[in-house]
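[1] Next one to model:
(one chain, ligands or ions: 1)
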Amino acid sequence: MGNVHAKQYRKMSDVELMFHDRDGQRTTQFADRWDAGSFDSIDALISGVDVVDICLPTDLHLDTALKAIASGKPVFIEKPIARSLDEARAVRDAADKAGVPVMPGQVVRYFPEFANGHRLVKNGAVGIPAAARTRRGGKAPGGAQGWFMDHTRSGGVLVDLAIHDFDWLRWTLGDVKLLYSRSVAADKGTGPDYALTTLTFDSGAVAHVESTWMDPAGFRTAFEVAGNEGLIQYDSRNNAALRTVRVEDATTTSTAAETPQGDLDDPYYLELTAFLQAIRTGKPVPVSAEDGVRALSIALAALESAKTRQVVVPDRG
Ligand SMILES: NC(=O)c1ccc[n+]([C@@H]2O[C@H](COP(=O)([O-])OP(=O)(O)OC[C@H]3O[C@@H](n4cnc5c(N)ncnc54)[C@H](O)[C@@H]3O)[C@@H](O)[C@H]2O)c1
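    So this is what the prediction gives:
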């Protein structure tokens, strides 16, 4: 994700890039590829920059986020905001107390189909939303030293991947009252996983979320929202009139939208420019730390349900 973000920052003429990775070879490669400077520690990086962008494995978000907040540096932090609810609240509370902006990377809000789907539902295109369905997934992600497959670090498919849909659904349909989830590997806590989650919202609407790291056919997203006056549907497999696959995408589990996009329509560009614009103008960041906490709370409730086979009420604290 450091590379994904760097590609976007490189489109911004007023952004200078500095980088740190504990792997020296990755640091050198990154600095060469993106014409970036580098620091040999996270502490040095935090004190040497204006804004911190955290693309570390999920279980390492907390420490760096707290250090950056303590230094008064605005923080962009990849989703999930943290690995546990206590950690996520610690980030949110520290940010609130210090008055430091923190924006979690719930990037699906910036994918054009999902952004338009949200707008349509909010503008009444389907009437009163009653039922929704989402589908997201592909092959299992690799990551440095395979940390994604250790669910104690990544949270598995429900926390790492389904969190995108949980956030989009909460943004679009409101808070989740209760949910039930089943998964192939939540008990095992390791390896690829496939999960189905059924959610009931405060509004009475229901949703079904399918999340997979076990689809060899490649990455695909889909959603459908039905209401008393209509239905909207999207499926990334049906959409692309023109499809571009680049070598670098084929070797990663890139989440780039499959519909053709201009350089400045890229969802990651849109989210990072929105973040920086909020900081420059002193306005609230468009996706708050609280949004990150709530999305994680739904994801962790789904993980608990998948393990206990019980209905779970997400914690809203
Ligand atoms: N928004 C999205 O579409 C999206 C997609 C993939 C991943 N993510 C999230 O982004 C984050 C990073 O995921 P990734 O796919 O880039 O993982 P990755 O494993 O590819 O990259 C993590 C990097 O952190 C470095 N690192 C690990 N421990 C470190 C330490 N202690 N100090 C310094 N560097 C260290 C590793 O060497 C590696 O280069 C995760 O939270 C993940 O959930 C978001």
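
[2] going forward, measure contacts and count neighbours with C-alpha atoms only.
    Noted.

[3] What's the first helix or strand after the worst-scoring helix or strand of the chain on mean pLDDT?
    Counting by mean pLDDT, DSSP states H and E, the weakest-scoring helix or strand in the chain turns out to be helix 247-250, with a mean of 56. Where DSSP states H and E defines the elements, the next helix or strand beyond helix 247-250 is helix 267-281.

[4] Show me the domain layout of this structure.
    In the assignment given by automatic domain parsing, the structural domains of the chain cover 2-106+283-287, 108-261+292-308.

[5] Include mean neighbour count and distance to Phe275 when you put these into JSON lines, please.
    Formatted as JSON lines, the entries for the domains of the chain read as follows, by neighbours: other CA atoms under 10 Å; distance: least, CA to CA, whole Å:
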{"stretch": "domain 2-106+283-287", "mean neighbour count": "18", "distance to Phe275": "6"}
{"stretch": "domain 108-261+292-308", "mean neighbour count": "19", "distance to Phe275": "12"}
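
[6] What lies in contact with the helix of greatest length in the chain?
    The helix spanning the most residues in the chain, taking DSSP state H as the definition, is helix 289-308. Taking contacts as CA atoms under 8 Å, 6 or more residues apart in numbering, the residues outside helix 289-308 that touch it are 79-82, 84-85, 88-89, 91-92, 102-104, 106, 155, 158-159, 162-163, 166-167, 170, 176, 179-183, 186-187, 197, 311-316.

[7] Report the entries of those that also contact the ligand.
    Near the ligand, judged by CA under 6 Å from any ligand atom, the entries from the contacts of helix 289-308 are 79-80.

[8] Just the ones of the contacts of helix 289-308 in helices?
    Going by DSSP H, the helices hold 85, 88-89, 91-92, 158-159, 162-163, 166-167, 170 from those.

[9] so where do the strands sit in the stretch 1-150 of the chain?
    Along the stretch 1-150 of the chain, the segments classed as strands by DSSP state E, counting those that start in this stretch run 18-19, 37-38, 52-54, 75-78, 102-105, 129-137.

[10] Switch these over to a markdown table; also include mean pLDDT.
    Below are these laid out as a markdown table (pLDDT from 0 to 100):
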| stretch | mean pLDDT |
| --- | --- |
| strand 18-19 | 97 |
| strand 37-38 | 96 |
| strand 52-54 | 98 |
| strand 75-78 | 98 |
| strand 102-105 | 98 |
| strand 129-137 | 98 |
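
[11] and of those, who's closest to Gly143?
    Comparing the strands of the stretch 1-150 of the chain by their distance to Gly143 (CA to CA), the top pick is strand 75-78, with 14.0 Å.

[12] list the helices and strands that closest one packs on?
    strand 52-54, helix 61-70, strand 102-105 (3 or more CA pairs under 8 Å, 6 or more residues apart in numbering; DSSP states H and E).

[13] starting at the chain centroid, how far to the second one?
    Computed by CA atoms, centre = their mean, to the nearest Å, the separation of helix 61-70 from the middle of its chain amounts to 18 Å.

[14] wait, does it make contact with the ligand?
    No: for helix 61-70 and the ligand, the contact criterion (CA under 6 Å from any ligand atom) is not met; the two come no nearer than 7.2 Å.

[15] can you dump the C-alpha coordinates of that helix into PDB?
    Extracted in PDB, the C-alpha atoms of helix 61-70 (Å, rounded to 0.1, in the frame of the first residue of the first chain):
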ATOM      1  CA  HIS A  61      -0.800   0.700  13.300                       C
ATOM      2  CA  LEU A  62      -1.400   1.600  17.000                       C
ATOM      3  CA  ASP A  63       2.200   2.500  18.100                       C
ATOM      4  CA  THR A  64       3.000   4.600  15.100                       C
ATOM      5  CA  ALA A  65      -0.300   6.300  15.100                       C
ATOM      6  CA  LEU A  66       0.000   7.300  18.800                       C
ATOM      7  CA  LYS A  67       3.600   8.500  18.200                       C
ATOM      8  CA  ALA A  68       2.500  10.600  15.200                       C
ATOM      9  CA  ILE A  69      -0.500  12.100  17.100                       C
ATOM     10  CA  ALA A  70       1.800  12.900  20.100                       C
END
